[in-house]
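Student: Let's see this in three dimensions:
(chains A and B)
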Amino acid sequence: MARIVVDVMPKPEILDPQGKAIANELPRIGLSGFTEVRQGRRFELTVEGEADEQVLAQAREAAEKLLSNPVIEDVVNVSVAPEED
Amino acid sequence: MAQNLTAEQTPLVADLSEPATDSRLADVRVGVVTFPGTLDDRDAARAVEIAGGTAVPLWYADKELNGVDAVILPGGFSYGDYLRAGAIARFAPLMDRIVDAANAREGMPVLGICNGFQVLTEAHLLPGSMIKNEQLKFICRDQALRVENTDTAWTGRFEQGQTIVVPLKNQDGQYVADQRTLDELEAEHRVVFRYADGNPNGSRNDIAGITNAQGNVVGLMPHPEHAVEPGFGADLSGSGRVQMRQGTDGLDVFVSALEHLLR
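Tutor: Next up, the predicted model:
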């Protein structure tokens, strides 16, 4: 079994109201060092067997077609997760 | 005795038995798609009936459009919104038929309201997308809109620049698109409705609704189908003060499409 991680982030030019709300909250719990927060999504796709190039290509297609909306989001990472012990 | 009345005999608030101004309107069949999670399908169907047309219920898993002349994707929610609003609904079997019919040469009229607008953007029938409202709040209020384009299949009865008031109720209502898309929409006069009296949610260029190049597909976030029936509409109207919930400014959206199809 292998796991592929897909990370999706809002495009830099798109306001991220959720990230902004989180950034406003941080000082209230005493963490004032952060100037900006942006909130994205992480997907984990599991396959039987090896995560070969063909599987990665399918994961990239899934990321572009379904997991993200290219109008507002960028797929910033599609990679094989390191194996856990 | 009330309990002996069939559904057809139960008195309705709007008297649908009155003949429409143009009896041919009843020949126009408008499909209203229900997805799992859709809330406003019956309101949309009722709006079509009050406008004088015939509403045809469609189920998202249907394979065919059942010979309808136009389609409404109503508001509410749709399954899969947890990914992005409309993101999974757009892969419903019926959506392929709708996309084909909308892109055909004769261009079937398609209206997406609220979540339906989001489904249309996810299906690439309309550009841009909706993100969370700027203030991260669910907004529910009567909203003034300026009608900016009366050449679409859904706005022919309005006057250019007319103000209408219809309810707005959503959390993901902030219209966004890249600058090139916004410039294109403006240059081609494809902004159909613009927020008037202030921008409620941070939408780019105050955009409340847009159309495709052909003018047959229209999407908007506010709800014209909730302002079609005296007693259940908005508290306000674009044409002045109205009695409580007597605002019916949304009705002409539906009448426009019926008349467009008769031409």
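
Student: For residue B:174, list each beta-bridge partner.
Tutor: residue B:131 (DSSP bridges).

Student: Now do the buried residues in the worst-scoring helix or strand of chain A on mean pLDDT.
Tutor: Every helix and strand in chain A was compared by mean pLDDT, DSSP states H and E; the lowest is helix A:17-25, with a mean of 91. Buried residues in helix A:17-25, counted by 16 or more other CB atoms under 10 Å in any protein chain shown: A:17, A:18, A:19, A:20, A:23. Quick note: C-beta positions are derived from backbone N, CA and C, even for glycine.

Student: So which bits of the stretch 51-200 of chain B are right by chain A?
Tutor: B:83-84, B:87-88, B:91, B:121-122, B:127-129, B:131-136, B:174, B:176-178 (CB under 8 Å from any CB of the partner chain).

Student: let's see it at 7 Å
Tutor: B:84, B:87, B:122, B:128, B:129, B:131, B:132, B:134, B:136, B:176, B:177 (CB under 7 Å from any CB of the partner chain).

Student: would you put the C-alpha positions of the least confident helix or strand of chain A in PDB?
Tutor: Only the C-alpha atoms of helix A:17-25 are listed here, as PDB (Å, rounded to 0.1, in the frame of the first residue of the first chain):
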ATOM      1  CA  PRO A  17     -11.400  34.800   4.500                       C
ATOM      2  CA  GLN A  18     -10.900  31.600   6.500                       C
ATOM      3  CA  GLY A  19      -7.200  32.200   6.800                       C
ATOM      4  CA  LYS A  20      -7.800  35.800   7.800                       C
ATOM      5  CA  ALA A  21     -10.200  34.800  10.600                       C
ATOM      6  CA  ILE A  22      -7.700  32.300  11.900                       C
ATOM      7  CA  ALA A  23      -4.900  35.000  11.800                       C
ATOM      8  CA  ASN A  24      -7.200  37.300  13.800                       C
ATOM      9  CA  GLU A  25      -7.700  34.600  16.400                       C
END
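
Student: Show me what that helix is in contact with.
Tutor: With contacts defined as CB atoms under 7 Å, 6 or more residues apart in numbering or on different chains, helix A:17-25 is touched by A:34, A:36, A:37, A:38, A:39, B:132, B:134, B:136.

Student: re earlier: nearest to chain B, of the buried residues of helix A:17-25?
Tutor: residue A:17 (4.8 Å; CB to the nearest CB).

Student: Tell me the spacing between that closest one and residue B:237.
Tutor: 31 Å (CB to CB, to the nearest Å).

Student: quick one on the thing from earlier: separate out the buried members of the residues of the stretch 51-200 of chain B next to chain A.
Tutor: By 16+ other CB under 10 Å, those give B:84, B:87, B:122, B:128, B:129, B:131, B:132, B:134, B:176, B:177 as buried.

Student: Do I have it right that the second one meets residue B:80?
Tutor: Yes - using CB atoms under 7 Å as the test, residue B:87 is close enough to residue B:80 to be in contact (5.6 Å).

Student: Okay, now the unreliable bits of the chain?
Tutor: Picking chain A for this. A:84-85 (pLDDT under 70).

Student: Wait, chain B was what I had in mind.
Tutor: B:1-21.
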